[in-house]
Each structure stands twice: as C-alpha cells, then as structure tokens.
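Enquirer: Need a 3D model of the sequence below.
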Amino acid sequence: MLTQQLVEWKENRIDTTIDEDLYMIYQMLAGRAKNVKTEGEVNMLSDLDWRRAFGFFLWHCSTNENDLIDAIDLYEEAFTSGQCSYPVPIKLQQRIPEGIKDIFPSTDIFDILFMILKLYRNSHEPLNKLLIPETAGTESVDHRLPFLVFILLRSLGYTTENQSEQILITAFSSELENNGLWEEAIAVSLMLDDPSDREQFTRKILKRNVKVQYTDFQFLTETCHIDEKWIFEVKALEARRWQDWRECFDFLVIADLPNAAHKIMMDHIIADALVAGESEYLEDKLSQLRKFEERIENWDLQGLVFLDYFTAVSIIEQIKQSQTQNIDEMTRLDELAPQLADLVTRIGGLSASRPIDCLARAELARGALHLWKLRKFILQSWKWESFEKKNEIEEIEELESLVQAARMPGDYASKVIKKGLQRMLMGEELESF
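Expert: I've put the predicted structure just below:
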C-alpha cells in the first residue's frame, strides 16, 4: 500500500510538494532503499553506517520467519551493488571523510559482527577472516576480541582451518607475554593442537621468563598441568648462565637430567669441592646420581670413582674406630684389596685438563693409597695370615705399582714411596697423611 502511494505521488508529480523528511518516512516504511522521485533518486542508506543500513533491511524489508537471513542477503546485495556502506569495522569507518554521499569504499575486511551474522546464515562460512584483529576494528597486534570469539565459536562446535587457529593462538600468546602475562601466555599456548608445537612453544616461553629465584609455579603445575621438570630444566639453564654450578646441578637432578647433572659435577664442581675438603657434600650429591647410573655416560669412569672412594673411606674408618674388631671385619677388610687396587687405577684414568683437576686427582690418589696402607696396617696388627706370606720387597713393588697406576705427580709419588719405605724399614705405626 505504501509503495503504491509513492508511485501515485510520482505519477501525479505530487512528490515535489511533500516535505523531504516526511517523504523519506513513507519510503522507509515501504521498505524501499532507493526510490525515484520526479526530481531525482532518493537513497535511504546514503548517510547510514553499515549497522543502520542492515537494520533498515531487518526492520522494514523482512516479514517472514527467515527475516534475519533475508535481511543479511538483502544487505549483502545492497552493499555489493554500491547502494550502501560496506560492513567495515568502526575504526575503518571513521577514516572515511565526512560529507561524502553515495560513495561507499569497498573492503575485504568486514566487521566481526557481520562475519558472525554470516556464520548464522551459513555454518560452513570460513572463519579465517573472522580471526584477524582488523575485523574487530583494533590494532593489528591486538588479538583479544578475535581470540575470545574463537573460543566461544569453538565451544559451539564451529571449526576453521587449523593454520588460522594456530596463528591466532600463537599471536595472542605472544601478545600476553609481551605485556608481562607470561603465565597466561603459557595457558593459551597449551591450546595448540600439535603436541610437539605445544611443548616447543611452551618451553620457549619458560626459557624467556623463568628465573632461578622463581618458586611460585603452582598455577603452571596445578592449573596448566605443566611438567615440573620443564621448569627446573629452565632454572638449570639460568643457573648455568650465571655459572652457579651447584644450583645448576640440583636443578638438573630435579629435572630428571642426570647425564647433564653428572657432566656439570665433573666439569665444574667436583675438583674444587674435593680440594676444599667438602667430601660429605660430594658423597651426598653423587649418591643422588647413583640411582640413574644406567643413564649417565662414563659414570663408571668418572662419578663412580669418587663415590667408590668415599665408600671405601667410610668402610675402613668404621673398622678402624670399632671397639670390638672381629674376624668378620678383618675378612671384609682383606677382601677390599682388589677393590682398592682397582680404585687407584681408575683414579689414574681421571681427566686432568685443568691444574685444579690435576691437584684433585693427586689428592684422591694419595687418599686411596693411604687407605691401602691403613688397611694393611690394621690387618698386620691382627697378624692376618695373608700378610705373613709377603716380604718387604713385595710390598714395595706393590706400592710402586699402585703409585704408577695412580699417575701421581712426581713430588707426590716420591713422598708416598719414601714414607712407605720408612715405615717398612723402621716398623713405625701408620700415621695419617
């Protein structure tokens, strides 16, 4: 009826006498976006942004149960034919100069609201253009709204190509990290589908942010279910960067990286600690590694040598200080001979690339030879049968062989052999070296 009224006004040229605003009200109620008057064409949508233009089709051009879908189709047809504004985001709309009528710049970037409307019309509508910041009218580095929309749509069963999802997740995670929210960035990165990418991306964030002093990782372990070992591995790397070798060792053990921990112990800790007399510390740390011995490279030739030495010291000192030495202890002491001889040989095989390493090896060898003599002295005091069969020459040869196997420096070797000769010839009791 209203459309017919507009036609009659034009045919009778009455439209020229009707107030323009009143005429546009009739045109709007008639659902005609464009209408030809006697004096020209009237475009109802020329001054409207895309939301109002779409509203016109929704409110005045659709009357059936599919009014929303029809409105989307009508509006899309209108802006593609140049009748109204494209569905550009607000910030892009604001860049269009004012006062320009009936000129509607085209764009490939549509407002996120219109993209969601299209998704309502067709659930198979591609989402890749919806998941970029520009659709929300924000800066290209602000992924907050696209990410939240992505989470909402995914919860409703909508999917898109994997690459677009991964780009959005990594971009938003990086954005959070750049703003100091690195723990939240990890929570987002855990949404990556590929387990390898997920672990790699998470480890990189940890590496950039976890410090040695970092202790409050409850959110990561309990909420995000991050493996605690990853955190301690990063802390070990940080401690290594500051050459805090003991902290580095402890963190590597907790991170279940015993081979790396053993290497740190042998390269940076053990020589200094041994020369400083920190035997208890070394025995404790090496004992922690022993349960991983099958996973440690060169354990038998390095860490175990020191641990066997500390074990031998403990056994012999325990027997020496025993108030009631018995035949079982003497038997145990006698059977220790091949183990001590082997220990001395293995000490000789230790690396001595630095002066401190050479000194530590010499001290360890001297200590092992002292254990050899202390053992022999205790057995001799018991008049143990095996020593009745040896003469002084055999003992000197045995001692020289051990000193040679230990690869002791010349002054150390001479001192050990000299003291051994003196005791054998003068029958003195063994003293501590």
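Enquirer: didn't Val305 look like it was pressed against Leu343?
Expert: Yes - under the criterion of CB atoms under 8 Å, Val305 makes contact with Leu343 at 7.0 Å. Placement of C-beta: from N, CA and C, glycine included.
Enquirer: The two: which is more packed in?
Expert: Set Val305 next to Leu343 and count neighbours by other CB atoms under 10 Å: Leu343 wins out with 26 against 22.
Enquirer: Mind telling me what element the more buried one is part of?
Expert: Assessed by DSSP states H and E, Leu343 sits inside helix 337-348.
Enquirer: Can you name the element that comes right after that helix?
Expert: Next helix or strand after helix 337-348 toward the C-terminus (DSSP H and E): helix 355-381.
Enquirer: Show me what that next one is packed up against.
Expert: If you count contacts as 3 or more CB pairs under 8 Å, 6 or more residues apart in numbering; DSSP states H and E, helix 355-381 packs onto helix 270-275, helix 303-321, helix 327-334, helix 337-348, helix 385-388, helix 392-405, helix 410-426.
Enquirer: That one to helix 337-348, inter-axis angle?
Expert: For helix 355-381 against helix 337-348, the angle by axes from the mean of the first three to the mean of the last three CA atoms, to 10 degrees is 170 degrees.
Enquirer: Could I get the full set of strands for this structure?
Expert: For the chain, the strands defined by DSSP state E occupy 34-37, 40-43.
Enquirer: Now the weakest link among those strands, please, by mean pLDDT.
Expert: Sorting the strands of the chain by mean pLDDT places strand 34-37 lowest, at a mean of 68.
Enquirer: now the helices for the stretch 1-150 of the chain?
Expert: Here the stretch 1-150 of the chain has its helices, by DSSP state H, counting those that start in this stretch, at 2-11, 20-29, 50-60, 67-80, 90-94, 112-121, 144-155.
Enquirer: now the stretch 151-300 of the chain
Expert: Using DSSP H, counting those that start in this stretch, helices in the stretch 151-300 of the chain cover 162-178, 182-189, 195-209, 218, 228-241, 245-254, 258-264, 270-275, 279-290.
Enquirer: Turn the ones you listed into CSV, columns for mean neighbour count.
Expert: Converted to CSV, the helices of the stretch 151-300 of the chain look like this (neighbours: other CB atoms under 10 Å):
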stretch, mean neighbour count
helix 162-178, 18
helix 182-189, 21
helix 195-209, 15
helix 218, 8
helix 228-241, 19
helix 245-254, 21
helix 258-264, 22
helix 270-275, 20
helix 279-290, 16
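Enquirer: Tabulate those (TSV), appending distance to Glu317.
Expert: Listed next are the helices of the stretch 151-300 of the chain as TSV, based on distance: least, CB to CB, whole Å:
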stretch	distance to Glu317
helix 162-178	55
helix 182-189	51
helix 195-209	45
helix 218	45
helix 228-241	34
helix 245-254	26
helix 258-264	26
helix 270-275	17
helix 279-290	11
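Enquirer: now those helices as CSV including mean pLDDT and distance to Leu127?
Expert: Output for those, formatted as CSV (pLDDT from 0 to 100; distance: least, CB to CB, whole Å):
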stretch, mean pLDDT, distance to Leu127
helix 162-178, 93, 7
helix 182-189, 96, 18
helix 195-209, 95, 20
helix 218, 92, 35
helix 228-241, 96, 32
helix 245-254, 97, 43
helix 258-264, 97, 44
helix 270-275, 94, 58
helix 279-290, 96, 52
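Enquirer: Could you point out which of those sits nearest Val149?
Expert: Nearest to Val149 among those is helix 162-178 (9.8 Å), distances taken as CB to CB.
Enquirer: Now the closest one - C-alpha only, CSV.
Expert: C-alpha atoms of helix 162-178 as CSV (Å, rounded to 0.1, in the frame of the first residue of the first chain):
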residue,chain,number,x,y,z
ASN,A,162,44.0,-25.4,11.5
GLN,A,163,46.6,-22.9,10.3
SER,A,164,44.4,-19.9,11.1
GLU,A,165,43.7,-21.3,14.6
GLN,A,166,47.4,-21.9,15.3
ILE,A,167,48.3,-18.4,14.0
LEU,A,168,45.7,-16.8,16.3
ILE,A,169,46.7,-18.8,19.4
THR,A,170,50.5,-18.1,19.0
ALA,A,171,49.8,-14.5,18.2
PHE,A,172,47.6,-14.0,21.3
SER,A,173,50.1,-15.9,23.4
SER,A,174,52.9,-13.7,22.3
GLU,A,175,50.8,-10.6,23.0
LEU,A,176,50.1,-11.7,26.5
GLU,A,177,53.8,-12.4,27.1
ASN,A,178,54.9,-9.0,25.7
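Enquirer: which outside residues touch it?
Expert: Helix 162-178 has contacts (CB atoms under 8 Å, 6 or more residues apart in numbering) with 127-128, 131, 141-144, 146-147, 150, 182, 184-186, 188-189, 191-194, 197, 201, 205, 208-209.
Enquirer: To Ala365, which of the helices of the stretch 151-300 of the chain lies closest?
Expert: Of those, nearest to Ala365 by CB to CB is helix 270-275, at 11.5 Å.
Enquirer: shaky segments in the stretch 251-400 of the chain?
Expert: Along the stretch 251-400 of the chain, the model assigns pLDDT under 70 to residues 323-326, 382-400.
Enquirer: Pick out the residue closest to the middle of the chain.
Expert: Nearest to the mean C-alpha position of the chain, counting by CA atoms, centre = their mean, stands Arg203 at 1.6 Å.
Enquirer: If we ignore the residues flanking it in sequence, what's nearest it?
Expert: Closest residue in space to Arg203, ignoring its immediate chain neighbours: Trp230 at 6.1 Å, by CB to CB, 6 or more residues apart in numbering.
Enquirer: hang on, the one you found packs against Lys204?
Expert: No - using CB under 8 Å, Trp230 makes no contact with Lys204, being 10.9 Å away.
Enquirer: I'd like to know how many residues surround Gly277.
Expert: Counted with other CB under 10 Å, residues neighbouring Gly277 total 10.
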